[in-house]
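Colleague: here is my input; please provide its structure:
(one chain, ligands or ions: 2)
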Amino acid sequence: MKLKNRMIALILSLVMTLLMSSCTMVGKSPDQLIRPPRPTGEYAGIQRALEEVAEDFTLKYPETGDYRSAFIERDLDGDGKKEFIAFYVSDTTNEYHINMIKKEEDNWKSVGDLIVGADEDIAISRIERVDFCDLDRDGVDEIITGWSSVSRSGKQMYIYKFEDARFVLKRPETYTEYAVVSISPDGGEDLLLLHLNEAAKSSSASIIRLDGDKTVSIGNAVLDGNVTEYVKITAGNVAPGLRGVFIDSMKGSSVMITELLYFGSEGGLTNPFYDMSNSETWLTMREAAYACRDINGDGIIEIPTLEPLRGYADLPPGERQYYTHWNQFGAQAYDGKDILTVKLDVVLSTYMNYTDGYYFVIPEQWLHNNITVEADVANRMRVFYEWRDGKFADELVSIQAVVKSAAQEQSNALNIKLGEQLSNGQIYYAALGNPSNRELQITSAQLLESFHMLL
Ligand SMILES: [Ca+2]
Ligand SMILES: [Ca+2]
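Modeller: Ligands and ions are numbered 1, 2, ... in the order given. Now for the predicted structure:
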């Protein structure tokens, strides 16, 4: 389990960077409640305003998401100026508070303070996330807050709004994961809530808005209930003009699936990959935690599927080497309104090496031939071979990752420098083979075109 989480964390940290779409990472984060130095300047005034209404408190920071500072800036009453919200725990009562601080006549002042979870008698233990979204379409953002509680399983959500010069709780919800996404027909942002009940093997999604004091669902969909963890939520284009949400989930320790949600022309939320006859999603299933991304930079999200390279199909999944096929919906599957046929079209085939931080686009002339890869993980070396008569035959390309400090000692055997990661000092070298099957020979220009760093 730990290994799985580490693997997922590593892969996700690598795949994050090239994402062209808005994307929400989900999953565990380490506790990172670092006490800050006492603020200076404007922040000192904000903290003083808080100290005027709260005694003996500890500021708390959202643990994940886009907003993780002690004081979070946002226009929350629609006056065009920034207010601040802060979360803190009273050292005497251990209750979590949310507080809003506003500038009035040049002085910062606390204008709202609520105890989180008080209405439902829930003992909050951690603040997970904070997001903002105009859920009632009145032009002003609401505050979406996600919490953990020792007294309840699952996570608790409270939606707050600053209304009539008061800070009010609009609505409690429970969730397993959530994201603010823009997929509804009006183009605005909504709240996506995911619920997973592992015991009952049920999973569902709903798209939420606020109508007065009520939350209203503008779309619901059944998801695969056999998943064990939601890993990543990516909002982006499914096809030109069609927005969707891609949900990557684990099924046990090594199988990942992607489910897709979009609004069809009839207005309903659809999960086209979900196979109702089997109550599961199998079309996007792969035996490694490779997440969706816009791999080719065309603004459309691709879903990876895996195919064992020659010679690996009979080995256990952990020992296999794969082609990774990156899939989109084909244009013929989408008529501008609805997805007509549920199918995946490969737009790119790659060899992924997340560990060493790169991928290699399989050259066209290799795709229809027997090629394979030998992985020397310890030496961070991958060698592409022709696969002939059930054996590794002629070498096609070798790629090695080397740390910069060791690069000087690198033998000249791999004489083509493919790239260098400035962030971590990785250097990538390659050498071209000289295969007897000339069709498989690629040029150094092709080699350089095919190589892409992940960081
Ligand atoms: Ca609003
Ligand atoms: Ca793409």
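Colleague: to what extent is the nearest residue to residue 168 once chain neighbours are set aside buried, counted in neighbours?
Modeller: Once flanking residues are discounted, residue 168 sits nearest to residue 161: 5.8 Å by CB to CB, 6 or more residues apart in numbering. All C-beta spots, glycine's among them, are computed from the backbone N, C-alpha and C. Other residues within reach of residue 161, judged by other CB atoms under 10 Å, total 22.
Colleague: same thing with the one 5 residues further on?
Modeller: The number of residues packed around residue 166, counting by other CB under 10 Å, is 11.
Colleague: residues in contact with it?
Modeller: Shown in contact with residue 166 (CB atoms under 8 Å, 6 or more residues apart in numbering): residue 112.
Colleague: just residue 185 next, same as before
Modeller: 263, 267.
Colleague: from ligand 1, how far off is it?
Modeller: Separation of residue 185 from ligand 1 (CB to the ion, to the nearest Å) stands at 19 Å.
Colleague: same question for residue 214.
Modeller: On the measure of CB to the ion, residue 214 and ligand 1 end up 14 Å apart.
Colleague: assign the nearest residue to that residue once chain neighbours are set aside to helix, strand or coil.
Modeller: Once flanking residues are discounted, residue 214 sits nearest to residue 171: 7.2 Å by CB to CB, 6+ apart. For residue 171, the secondary structure call by DSSP: H, G, I helix; E, B strand; the rest coil comes out as strand.
Colleague: any idea how many residues pack against residue 171?
Modeller: Around residue 171 there are 17 residues (other CB under 10 Å).
Colleague: that one contacts residue 216, correct?
Modeller: No. The pair residue 171 / residue 216 is not scored as a contact, 10.1 Å apart, by CB atoms under 8 Å.
Colleague: overlap in contacts of those two?
Modeller: Common neighbours of residue 171 and residue 216 (CB under 8 Å, 6+ apart) are residue 210.
Colleague: which parts of the helix or strand harbouring residue 399 are buried?
Modeller: Here residue 399 is covered by strand 391-403, with elements defined by DSSP states H and E. For strand 391-403, a neighbour-count test (16 or more other CB atoms under 10 Å) marks 392, 393, 394, 395, 396, 397, 398, 399, 400, 401, 402 as buried.
Colleague: packing partners of that strand?
Modeller: Applying 3 or more CB pairs under 8 Å, 6 or more residues apart in numbering; DSSP states H and E, we find strand 391-403 packed against strand 358-361, strand 371-376, strand 381-388, strand 426-432.
Colleague: mind checking the ones you listed for the one nearest to ligand 1?
Modeller: Evaluated over the helices and strands packed on strand 391-403, closeness to ligand 1 peaks at strand 358-361, with 41.7 Å, by CB to the ion.
Colleague: quick check: residues of the stretch 51-200 of the chain near ligand 1?
Modeller: For the stretch 51-200 of the chain, the residues in contact with ligand 1 (CB under 5 Å from the ion) are 134, 136, 138, 140.
Colleague: switch to 6 Å and redo it
Modeller: 134, 135, 136, 138, 140, 142 (CB under 6 Å from the ion).
Colleague: can you name the residues bridging to whatever residue of the stretch 251-400 of the chain ends up closest to ligand 1?
Modeller: The stretch 251-400 of the chain approaches ligand 1 most closely through residue 263 (20.8 Å), counting by CB to the ion. Beta bridges link residue 263 to residue 269, judged by DSSP bridges.
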